[in-house]
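[1] Sequence and predicted structure below; questions after.
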Amino acid sequence: MTIPFSYVNDDYCDCFDGSDEPGTSACLNGVFHCTNAGHRPHNIPSSRVNDGVCDCCDGTDEYASTVTCSNTCEELGKEARAEAQRIADLYKAGSHLRLELIEKGNSIRNEMAEQLSQFEKDKAEAEKIKEEKELLKNNLEAKENDALKVYREAEQLEKQKKAEQEKQNSIKEALEQFDIIDLDKDGLLTIDEIKAANVFDRNKDGQVDEDEITYFFGERESVDKNTFLENTWSLVKLVMMEQGTVKPVSEAEDIEPAEEGEIEDSMGDQDNEDLEQEEDDQGDLDHADHEPEDVAVQPSAVYDEETQKLVDAATEARREHTEAEHTVREIEANIRKIQQNLEKDYGLQHEYATLDNQCWEYEDKEYIYKLCLFQKVTQKSKSGGGEVGLGNWGEWGGPSHNKYSVMKYTNGVACWNGPSRITTVNIGCGLETKLLSVTEPYRCEYKMEFITPAACDDASNAPQYSSHDEL
Amino acid sequence: MTFQVIFLEALKLTFCQHEDVGAFCGFCKRLRSFKPEKSQYTLNLDTVIVHGNVLSAEVTTVDTTEEKRTTLWHYALKLSALKDATFRIELDEADPLYPRYRSQLALNGEPKPDGLKLISNENGKLTLSNIQGHKVIITAEPLKFEFVNLAGDTVVVINDNHQLLIEPLRVRKEKLDDEDSNVVEVEEEGTWGENFKSHHDSKKRGNEAVSMDFSFPEADQVYGIPEHTDKLALRTTTSGDPYRLYNLDVFEYELDSRMALYGAVPVMYAHGAKHSAGIFWHNSAETWVDVINYADSTVVSSLVNLVTGGQKKRVDARFMSEANVIDVFVFLGDKPNDVLRQYTAITGTAPLPPKFSLAYHQCRWNYVDEADVRSVNEGFDTHDLPADVLWLDIEYTNGKKYFTWDPVKFPTPHDMVANLTAKGRKMVIIIDPHIKREAGYFVHEDCTDKGYYVKDKDGKDYEGWCWPGSSSYIDFLDPVSSQYYSDRYLYENFPGTSKDVHFWNDMNEPSVFNGPEITMPKDCQHYKPPQDGHEGVSSYWEHRHIHNEYGLFVIRASHSGILKRDEGKYRPFILTRAVFAGTQRYAAVWTGDNVAEWGFLAVSVPMCLSLAAAGVSFCGSDVGGFFKYPEAELMTRWYQAAAYQAFMRAHSHIETKRREPWLYDASTLALLRDALRKRYALLDFWYTLFYEHTLDGLPVTRALYQEYPNEEETFTIDDQYLIGDKLLVRPVVEPGVTSVKVYLPGAANNVLWYDVDSYVALPARGYFTQDVTIAKIPVYQRGGSIVPRKERVRRSSALMADDPYTLVVALDTDNKAHGTLYIDDGETYEYLNNKHIYARIDYEPSGITYSFIDDKAHYPTRSWVERIVIAGIKTPPKTAKLIQGDKQTALQMTLHKGNDVLVVRKPGAKMAQEWRITFSY
């Protein structure tokens, strides 16, 4: 779009981009340039031209307004230069201290790197041992397994034998009972004989009535030995047990504790699973082997000398293997820790490395605040009560050109009805390291002002104050 | 005592179990179950006197259930004819035990009388007429009033449903009195005391309720009785609770509800295509209103047949108040704008607000200290956002002691305010009516020593809990107490304030955290001027009598104090939460503690429309929502909507995330900036409308039916509205939409609506679908209107005072348009001394004329016309010439063929003088 030259700066907006009115307020998104001789030049939105407020120190923005602006550029420029000098001096002095911090930081990091490589070596060693121990363990366990096979088979046989014996005992007992009831010993139980036997008096009223007969014998006139064994005996035995005539057989005693044991085991498993899950979450341990099964090997059995030796050897191998595993894990944990620290962003040149885990306090009317760099921020009421977490180390949060000017501590204790507390730490250059102020501008969002020589980065701040602005 | 017993028996006859009214109310249950077949109220024709504009007569209640007619009670009736088709009915006991309360502050002075003539008195009916010819027909037995408009249509009928009731004041019988022991038995439970949760209301005067029913023949809808979150058009209440009017501090209020809120304005408007009418129930006690719209599908047809003979166009309403006299104004319209004007003629219009108060307000509970205020102030400049006012909530005070500053966080309030005023900005700070009970706090000590506090039922200073903890409440009914509070606002009594510090009266329902329903117990005692013979219960007013106007008493006292600061030079700005009839004379209103949810954005539209119709045009909601946090889309839509609502203030709860516009992402910030710029561009349009409101009493924002009373579709539309009669706004209040339904009224008159974003003209055609984006809400300018704009949006409205105007001319089908413009200094009362400009701008094909409506008034404004945009021009003129004074200037024009827009470039006409532009073709 082309406009006549007379339309430029004629206090009417012709161009969408406002380019035709750099000197008036006519265009909404225009820009007015204050020359500000003696101070820094400055661009202001054109909506500030002739609005009755002096925005440029040279007063050029109010050329046709009701106010008269005096030129304050010289004065402001002087102040700004003095201030710039003060800051430059501060940065200069601070940058020496910063260098020291960098050196210390680097040496700490070097130390850590050395430690790390040592640990890596240790780890390789330990893993080798672990592998050896595992091999040994597997070997010995195989032998142990073979030896124990005999015992297991014997045990099985014993069990079968025991069951057979019990069955025979039961039959024996039934036949004895039959003989007692079979008064005429004809091999048949008649109604009269039944009536005479008080074992059938279920309700204990002193006589065996029809109901009771039917209960035990059904509609039969008489009962022979086989029928008695097959049908009646179990009922009789039940009644006898109820009446306390016979004690329950040992089988029943075994069942209950076994069941309880099962329940306990399954609960135990669950616990183990939970544990495993937690550990898995942390990515810590590899639980490929099944310790609970190993433990399940019956310790009470008595073995012959040879076998016992094998078992003892295997047990020792298992212990050694576990130990070897532990050593590997320990070294791994140490490696992780160092790696984390090495990965931590301690600034452009690791100038903050020495400050890790160092704490500074600040007191106001009500609270004592504590900032532990790269760790956490807390608050403690002077009138008592515990510490409240205002955030844990999160990340650097400065603008992209000055990332290391702001620290963010996040995920503190949650506010009532609100988000988790967070703390923003603004870091400035200072000759000492100090927590200057703590405020809570937003509910549950804390702001700290913190100075340290670590922030006195001459290079990144110098241009702002360099002399070429001081026209 | 005998007739009292009979009276109570009569009451019992009509007693029946009915709908379960919310647990809050003894009297409305009692009154709602009062449904006699025939009213006992009868006018004694022999006592009628018509004098001046007043008819007075005796009314009695007569027991007709037995053959022998027994007079139960005597009442005094006064019917007055008032200017502008308005009548007033006052009905009180003829000789009450002691006076009943008459609300004191709603009326804007004594209503202006009209003439009243008795035309006929026959067959037990009186016919009266005012000067214009509006008629009142009074049937003597049972008592009934019918109001007839000039067209001969009956528009309001009173007591057609026989629900007129005034419970007479009685003396409590001692229980130990053996002879009358049966009297005690017939007393209904709750007569001499009620319980609500853990609270006891002593009710020393017993029952004293009043009730009256109103019928509106030919009405399609009724509106009014804010403040509720229901639809604008009121709904039938036969199932559920009636609409409740009882000023309450409601925590997290509900949507679509008839429950009581912070405000109570007992005015109701009835409208049908044929005519409009209205009534104003002048009563400050707790009030419940039942509505039956016979066209409503929920109303059973048997009831429709019974009451209206099958006629479905009729709405009935019933007002029930816990106490006071019956005092009701009847407005006969007959168009909606007539009725609205008639109401503001009685209760007053809003005064012209200081201009800054129409601009953008930034508030939060709380800006925590002076540094915070400074940084928010700078934030607006850094991000090139206009703002006029920063607000401070309760935390600025020294321990919630009003009229003090926190010495640590706000040590130099003068400097803080000066920092704002340097950019043309102002400050508003909060002052509540509860006073901290703390030894050494000067206000508390003064009030205690001098007896300025409201008393409890035993006559001791009432103590309740509010922000400061233990608090007492100033008794504003006592003129001395009220004056004391007013004087606290004087500069010498409140150091740190200046003319640029204005005030916010919150919690003035009043809010009492530990009181029944979070307000003051009804049996608290207020000042009553001492009078001989008035002792005991008649020596004070109970809080129940005055409750709904307590908040109005507060803001009246504040207003008088703020006004006095500079000898009445500057216009005060006050924001109030409690509302009653007449509130508009002193303060702007916001809709209280809303929530950052879409439903609350949506309801802000009908809520403010309803308040505007009830006189309170200066209304808005907390932009963004008070509770919770608005995500970017909701925040954007809220700013866009609020840019077109009268009062635009962002506010938020102390526990929520900060949300100044620049805390959102860059594109949202740009959208919020755009919304604010749209607001500022139209500030002079808003200002002109508020000036016109002081002249014509019409709402600044209007429901569609008010301007298009014959279009039935408009009667229930409450999601879009008009600003004046020129702009139509349909805020987007739904998430994620790409189009919305919009109704464009005026099809019968070929009205054109111009999309303000594109100048494209759309002929009125009822509903259509408008595409929207996140950057757009539908706003249209009516063809035939001219809207003044200021496009150079600056940091604050004050800095834009001298800026030039852009006039947007939207042509109607006759190629004509008309608009107005009001200009003054924006802050003083000098405008009342002819120091203002009120001009009309007329466009005809031959030219544009800018002429002073009020030719005695002038204002030396430096502003001028930088641009005239003429939309909808079919045959553009070839040349244009400005004539101002002796000067003639040829003007340049550009035609945009795509949308028929002609732009007159930089006419440069000065607004301080009249001018004319002529076109030649």
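    Structure's in. What do you need?
[2] Could you give the number of residues near the residue of the stretch 51-200 of chain A at minimum distance from chain B?
    Scanning the stretch 51-200 of chain A for the residue nearest chain B gives residue A:51, at 4.1 Å (criterion: C-beta to the nearest C-beta). Where you see a C-beta, it was placed from the backbone N, CA and C, and this is true even at glycine. Residues lying near residue A:51 (other C-beta atoms under 10 Å in any protein chain shown) number 27.
[3] Give me the pLDDT value at the nearest residue in space to it that is not next to it in sequence.
    Distance criterion C-beta to C-beta, 6 or more residues apart in numbering or on different chains; nearest residue to residue A:51, sequence neighbours excluded, is residue B:799 at 4.1 Å. Residue B:799 carries a pLDDT score of 97 in this model.
[4] Settle this for me: residue B:799 is touching residue A:50, isn't it.
    No - using C-beta atoms under 8 Å as the test, residue B:799 is too far from residue A:50 to be in contact (9.5 Å).
[5] Identify the residues contacting the residue of the stretch 51-200 of chain A closest to chain B.
    A:25, A:62, A:65, B:424, B:794, B:795, B:799, B:800 (C-beta atoms under 8 Å, 6 or more residues apart in numbering or on different chains).
[6] Also residue B:830?
    B:824, B:836.
[7] Got phi/psi on it?
    phi -60, psi -20 (degrees, to the nearest 10).
[8] Residue A:104 too?
    phi -60, psi -40.
[9] Flag the shaky bits of the stretch 351-471 of chain A, pLDDT-wise.
    Within the stretch 351-471 of chain A, the segments meeting pLDDT under 70 span A:417, A:460-471.
[10] where along it do the strands fall?
    A:359-363, A:367-372, A:376-381, A:387-396, A:406-410, A:422-429, A:434-442, A:445-452 (DSSP state E, counting those that start in this stretch).
[11] ok so, going back, a strand runs through the residue nearest to residue A:51, doesn't it?
    No - according to DSSP: H, G, I helix; E, B strand; the rest coil, residue B:799 belongs to no strand; its state is helix.
[12] Might you enumerate the residues of the stretch 751-900 of chain B proximal to chain A?
    B:791, B:792, B:793, B:794, B:795, B:799, B:800, B:802, B:803, B:866, B:867 (C-beta under 8 Å from any C-beta of the partner chain).
[13] How many residues are close by the first one?
    Using other C-beta under 10 Å, residue B:791 has 18 other residues around it.
[14] distance of the residue positioned nearest the centre of chain B from chain A?
    Geometric centre of chain B, nearest residue: residue B:616, 2.9 Å, by C-alpha atoms, centre = their mean. Per C-beta to the nearest C-beta, to the nearest Å, residue B:616 is found 32 Å from chain A.
[15] Now do the SS call for that residue.
    Classified using three-state DSSP, residue B:616 is coil.
[16] ok, it touching residue B:265?
    Yes - using C-beta under 8 Å, residue B:616 is in contact with residue B:265, at 7.3 Å.
[17] quick one on the thing from earlier: now do the residue nearest to residue A:51: how many residues are near it, please.
    Other residues near residue B:799 come to 24 when the count uses other C-beta under 10 Å.
[18] list the contacts for it?
    A:51, A:52, A:53, B:423, B:424.
[19] Ok, residue A:54 next?
    So residue A:54 contacts A:61, A:62, A:67, A:69, A:70 (C-beta under 8 Å, 6+ apart).
[20] Next to chain A in this structure, residues from the stretch 251-400 of chain B, please.
    Near chain A, when you scan the stretch 251-400 of chain B using C-beta under 8 Å from any C-beta, you find B:368, B:372, B:384.
[21] Tell me the spacing between residue A:168 and residue B:161.
    Separation of residue A:168 from residue B:161 (C-beta to C-beta, to the nearest Å): 101 Å.
[22] How about residue B:361?
    Where residue B:161 is concerned, residue B:361 sits at a distance of 46 Å (C-beta to C-beta).
[23] Which secondary structure element is home to whichever residue of the stretch 201-350 of chain B sits closest to chain A?
    Nearest residue of the stretch 201-350 of chain B to chain A (C-beta to the nearest C-beta) works out as residue B:252 at 12.2 Å. For residue B:252, there is no host helix or strand (DSSP states H and E).
[24] That one: what's it in contact with?
    Counted by C-beta under 8 Å, 6+ apart, residue B:252 has contacts B:593, B:595, B:627.
[25] got any ranges where the chain has weak pLDDT?
    Just going to use chain A. Using pLDDT under 70, the flagged stretches of chain A are A:243-301, A:417, A:460-471.
[26] that's the wrong chain, I wanted chain B
    Looking at chain B by pLDDT under 70, you get B:1-25, B:174-187.
[27] Would you enumerate the residues in contact with residue 364?
    Because you didn't say which chain, this covers chain A. residue A:438.
[28] meant chain B actually
    Contacts of residue B:364 (C-beta under 8 Å, 6+ apart): B:391, B:393, B:650, B:651, B:652, B:654, B:658.
[29] how does it look with 6 Å?
    Shown in contact with residue B:364 (C-beta atoms under 6 Å, 6 or more residues apart in numbering or on different chains): residue B:652.
[30] How about the residues of the stretch 1-150 of chain B by chain A?
    Applying C-beta under 6 Å from any C-beta of the partner chain, we find that the stretch 1-150 of chain B lies next to chain A at no residue.
[31] Can you list the residue ranges for strands in the stretch 1-150 of chain B?
    Under DSSP E, counting those that start in this stretch, the stretch 1-150 of chain B gives strands at B:41-51, B:54-63, B:70-82, B:86-93, B:116-122, B:125-130, B:135-139, B:144-148.
[32] if I look at residue A:442, how far off is residue B:634?
    Distance from residue A:442 to residue B:634, by C-beta to C-beta: 19 Å.
[33] picking up where we left off before, export the contacts of residue B:252 to JSON lines and append columns for distance to residue A:236, secondary structure and neighbour count.
    Output for the contacts of residue B:252, formatted as JSON lines (distance: C-beta to C-beta, whole Å; DSSP: H, G, I helix; E, B strand; the rest coil; neighbours: other C-beta atoms under 10 Å in any protein chain shown):
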{"residue": "B:593", "distance to residue A:236": "82", "secondary structure": "coil", "neighbour count": "21"}
{"residue": "B:595", "distance to residue A:236": "78", "secondary structure": "strand", "neighbour count": "18"}
{"residue": "B:627", "distance to residue A:236": "78", "secondary structure": "strand", "neighbour count": "18"}
